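S.K.: Can you look at this prediction? I've put the sequence above it.
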Amino acid sequence: MPKITELNRLLSYMAFRIFKPLVVLFLRNSVPYQTASDWLKRIYVDTAFENKEFRINPEKKQTKTRVAVLTGLSRVEIDRVLKIEKPLEVTVQKWNRATKVLSGWSNDSNYVNHNGQPKDLPIYGKRSFSSLVDDYSGGATMRSVLDELVHVGSVEISNNIVRLLRTDYAPTPNKAKLIDLEFYGIYIGELLNTITYNDVELNEEKKRFQKMVFNRAVPESNKKEAIDFIKEKTDILLLEIDHKLSKLAESELAEQTTRLGLGTYYFEEVNHEKN
């Protein structure tokens, strides 16, 4: 019994750490508790139905009775929850296409100069932004991709020349709010997926990469230097990884593919304890 109590204490600590920032976002965007509660119920039900780990027989379909036992919800409530519209990644296709275009612009020898830097591209013509989109967007129109990249601040247009401002597809502050929120879900979701995978993987060599570096006592006077150093080194690392993954994805073989990558984020918290 003490072990269960200790486990619950640790899980509740995790819940508070994870849910509190989410609740800030929900309240900031006028999402009431009942709506968030229904979302969580839907996730409980979907996970209990879809994840083989929670089936008595992994090879057989999950039963509603079993889901009721696992989730603590009644069968009537499960039926109600299943009618709640599932959230859709409304911008994920747009994000994938835009990312591929930016990656191609940074890695394809047809679109970089002799120093390996992305060229300024005319909108139309040979080796143009239009041809770049044709090569990498997966069928999206040139205008839709260009408008999207201008909207989020990744490119600018001057005299019919498109200039790359940054190699990542990320909205500038106070713009593309919906895309911004979706990115939060992608970032957080991928980190938690890695955590849940590592939680049950006993073989240390098979665990997914998950590391964190921090110091509890960086003086305020050194904070900017620390931030600048982190940004500089992380940008270099991520660009190298992007180049490598792009090369590894160029295989002509018809085989199953895997989506993989590395996520990074900066964090800070004021230390109220005096030395």
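M.R.: Done, it's in. Here the structure is a predicted model, which is why all the values come from computation and not from measurement.
S.K.: can you give me the strands in the stretch 1-150 of the chain?
M.R.: Counting by DSSP state E, counting those that start in this stretch, one finds strands in the stretch 1-150 of the chain at the ranges 121-122.
S.K.: Residue ranges in it under the pLDDT threshold?
M.R.: 1-4, 87-96 (pLDDT under 70).
S.K.: May I see the buried residues of the one helix or strand I241 maps to?
M.R.: Element membership for I241 (DSSP states H and E) is helix 223-248. Neighbour counts using 16 or more other CB atoms under 10 Å place 238, 242 of helix 223-248 among the buried residues. Just so you know, the C-beta spots here come from the backbone N, C-alpha and C atoms, and that holds for glycine as well.
S.K.: Domain map for the protein?
M.R.: For the chain, automatic domain parsing gives the domain ranges 2-86, 92-164.
S.K.: Quickly compare those and say which is most buried.
M.R.: Most buried of these, by mean neighbour count (mean count of other CB atoms under 10 Å): domain 92-164, with a mean of 16.
S.K.: ok now it, how far from the chain's centre?
M.R.: 22 Å (CA atoms, centre = their mean, to the nearest Å).
S.K.: among the domains of the chain, which is nearest V213?
M.R.: Among those, domain 2-86 comes nearest to V213, with 18.5 Å by CB to CB.
S.K.: Run the chain-centre distance for the closest one.
M.R.: 21 Å.
S.K.: Use 879 as the first number from now on
M.R.: Renumbered: residue one is now 879, and that last one reads domain 880-964.
S.K.: residue ranges for the helices of the chain, please.
M.R.: Remark: helices assigned in the chain by DSSP state H are 880-906, 911-928, 942-949, 953-960, 970-985, 1007-1014, 1020-1029, 1055-1078, 1101-1126.
S.K.: Could you list every helix and strand in contact with the last one?
M.R.: In terms of contact count using 3 or more CB pairs under 8 Å, 6 or more residues apart in numbering; DSSP states H and E, helix 1101-1126 is assigned the packing partners helix 970-985.
S.K.: For the stretch 1029-1153 of the chain, which residues score under the pLDDT cut-off?
M.R.: 1047-1060, 1130-1132, 1150-1153.
S.K.: before we move on, the earlier item: can you redo the domains of the chain as TSV with distance to L1080?
M.R.: Output for the domains of the chain, formatted as TSV (distance: least, CB to CB, whole Å):
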stretch	distance to L1080
domain 880-964	15
domain 970-1042	33
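S.K.: Much appreciated, bye for now.
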